[in-house]
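Chemist: The sequence isn't on hand, but the structure is:
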């Protein structure tokens, strides 16, 4: 088993990187740049911090808590793996829409990749 070194520490999804305050989330929704694909929408706003903050959210009719939590875990994991490839200093909200299939890691990876490239956040 590998030990956690400074190279792998960049992949952690730290508490300060979570966008949580209602005021901040509202500002990103109202003033942020919007990009969309079939399954999701992303709102991006510059935050003048040396790191990104992100929030994953869903429309009210997304399904039960099991489906929402599964999707949120997948989104977090994909984002965590994308982190070293992203420009810093942005607040990001990912609004995911329900689909008829069970969401997979590969589907979520393609979706987030499309949104991040459209938003211009990939290095």
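Modeler: Perfect, thanks for sending it. From a predicted model like this one, the values you see are computed outputs, not experimental measurements.

Chemist: Mind listing what's buried along the host helix or strand of residue 66?
Modeler: Applying DSSP states H and E as the criterion places residue 66 in helix 65-82. The neighbour-count check on helix 65-82 (16 or more other CB atoms under 10 Å) flags 68, 71, 74, 75, 76, 78, 79, 82 as buried. (Each C-beta comes from the backbone N, C-alpha and C, glycine too.)

Chemist: mind listing what the last one touches?
Modeler: Same thing as residue 82. The contact partners of residue 82, taken as CB atoms under 8 Å, 6 or more residues apart in numbering, are 112, 113, 116, 122.

Chemist: For these, which two are the farthest from each other?
Modeler: 112 and 122 (10.5 Å; CB to CB).

Chemist: Among the two, which residue is more densely surrounded?
Modeler: For residue 112 and residue 122, the more surrounded residue by other CB atoms under 10 Å is residue 112, and the numbers stand at 23 against 12.
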